[in-house]
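**Student:** below: sequence and its predicted model.
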Amino acid sequence: MRDAPKKKIGLIRVILIVLTALAAIVAAIMAVKGRDGGLQGLWDAITGGSDATEYYYESSSGGAFGTIGGRGLAVASNSGLYVFDNEGDQNFSVLFSYGSSSLNTAGDYGAVCDIGGKSVIFFNTSGVISQIETDYPVVSAAVNDEGYLCVCTEESGYLGSVTVYNSEGVDIYKWYSGSARVLSADANGGSQLLVLTIGQGGSNLVLMPLSSEQETSRYSVAGLIIDAGFDGNNIWAVTTEQVLFFNNRLEERGTYDFSERYLEAYAAGNGYMVLRISDYQMGGQSQIVSLSDSGQELGSTVTEAGPADMAASDEAVAVLYSGSVVIYDLNMSAQGRAQCASGTERVVIRNDGTVLAAGAFSAYVCEFSEYAQGDDAPVEG
């Protein structure tokens with residue numbers, strides 16, 4: 001389910017869920033969509049097409065960032081939301097005081113919520129659609145590019161619930177979980193709902209139509225599913241040991257196992273997935289692997305230093321290292337490198353292929369130098 005990168009996960013693009021006996025589950029999930037493309041199109045995309053070169057906002061150290069409306073930018077922290085247009089001008093802002101904020105964007109829509117609180121702000125490129133006040137603590141919130149918002153909360157008498165809102169902010173569906181705690185949810189257009197839950201027996205993916213509360217499919221694992229979501233009509237899920245790929249009936253299409261290694265970060269694309277995995281919990285080399293939507297390895301690269309963040313787009317993978325951002329094609333062949341300013345925390349790829357490096361007070365478009373054929377792959381030591 002998608003958080004712009006947020007979530008967030010410098011480590012695994014998700015804030016790990018904290019379960020206590022009678023307290024809120026804390027979860028924040030971010031995803032970014034994309035698809036494969038040719039190398040010339042990739043280089044054209046990452047070196048041009050952007051109107052804005054820099055975005056300025058109030059302090060957002062440790063905040064979340066997401067593309068909105070093609071080349072716009074949404075920035076959220078615990079103190080406010082800032083939404084910018086394609087030219088870098090601020091469309092609007094909303095100030096608040098959240099204990100732990102989570103941002104998720106898709107297409108022209110976005111949602112920022114107070115994890116463990118009772119507030120969700122649903123917005124688009126023009127402004128706030130709805131400020132939703134929930135009856136019970138919020139666990140997570142996610143939007144899709146058709147404007148459907150899924151809000152997961154705790155619920156009296158149950159182990160959680162999911163409420164789905166349409167693009168006008170009207171609640172159109174509600175599902176209750178009586179057997180496992182609800183962690184996150186994602187909608188496929190306005191037709192299907194995918195819910196991630198966790199119970200004593202492990203994690204579950206539950207699939208149902210938005211026209212009925214009766215589930216149509218369920219997939220369970222003994223371990224922990226970290227994140228899951230729709231990829232077009234297909235479904236992906238990331239566990240602590242493998243990536244799972246399904247069709248829209250939750251029938252398994254493929255897997256990629258990394259049970260002997262440690263998952264450090266991931267980014268979800270349209271038809272592919274990128275993982276950062278390591279043989280060691282700390283130190284040593286890390287491997288960045290790209291996977292097809294059936295779990296086949298497309299390519300990989302090895303680096304000595306762990307990237308701080310990753311993002312996926314239509315034609316490229318951007319990896320933030322200490323002092324630079326490197327752009328790769330989906331075979332994990334380095335295509336370009338840009339120096340980044342001190343304090344850069346996140347990397348974001350916009351719909352036109354341009355890459356933003358974001359820090360506490362500003363985000364700016366990266367200017368890449370192309371790697372010549374035969375150059376060594378970038379390694380940060």
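**Tutor:** Right, received. Where do you want to start? Residues are numbered from 1 along each chain as shown.
**Student:** only C-alpha atoms from now on, for both contacts and neighbour counts.
**Tutor:** Noted.
**Student:** what is the burial count for Ser211?
**Tutor:** Residues near Ser211, counting by other C-alpha atoms under 10 Å, number 12.
**Student:** which residues touch it?
**Tutor:** Residues near Ser211 by C-alpha atoms under 8 Å, 6 or more residues apart in numbering: Ser191.
**Student:** can you check Asn234 too?
**Tutor:** 245-248.
**Student:** quick check on it: phi, psi?
**Tutor:** phi -100, psi 170 (degrees, to the nearest 10).
**Student:** which residues does the closest residue to it other than its chain neighbours contact?
**Tutor:** In this structure, Asn234 finds its nearest non-sequential neighbour in Asn247, 4.4 Å apart by C-alpha to C-alpha, 6 or more residues apart in numbering. Residues in contact with Asn247 (C-alpha under 8 Å, 6+ apart) are 233-235, 253.
**Student:** among the residues you listed, which are in strands?
**Tutor:** Counting by DSSP state E, the contacts of Asn247 place 234-235, 253 in strands.
**Student:** from those, pick the one nearest Gln296.
**Tutor:** Nearest to Gln296 among the ones in strands among the contacts of Asn247 is Arg253, at 10.7 Å by C-alpha to C-alpha.
**Student:** grab the nearest non-local neighbour of the closest one.
**Tutor:** Once flanking residues are discounted, Arg253 sits nearest to Phe246: 4.9 Å by C-alpha to C-alpha, 6+ apart.
**Student:** who's in contact with the one you found?
**Tutor:** 234-236, 252-254.
**Student:** mind running it again at 6 Å?
**Tutor:** 234-235, 252-253 (C-alpha atoms under 6 Å, 6 or more residues apart in numbering).
**Student:** so which of these wins on neighbours?
**Tutor:** Ile235 (23 neighbours).
**Student:** what's the pLDDT at that one?
**Tutor:** Looking at Ile235, its pLDDT stands at 97.
**Student:** for it, list each beta-bridge partner.
**Tutor:** Under the criterion DSSP bridges, Ile235 forms beta bridges with Phe230, Phe246.
**Student:** show me the contacts for it.
**Tutor:** Ile235 neighbours (C-alpha under 6 Å, 6+ apart): 229, 245-247.
**Student:** quick one on the thing from earlier: quick check, nearest of the contacts of Phe246 to Ala64?
**Tutor:** Taking these together and measuring to Ala64 by C-alpha to C-alpha, the closest member is Ile235, at 24.2 Å.
**Student:** any idea how far that closest one is from Lys174?
**Tutor:** 21 Å (C-alpha to C-alpha, to the nearest Å).
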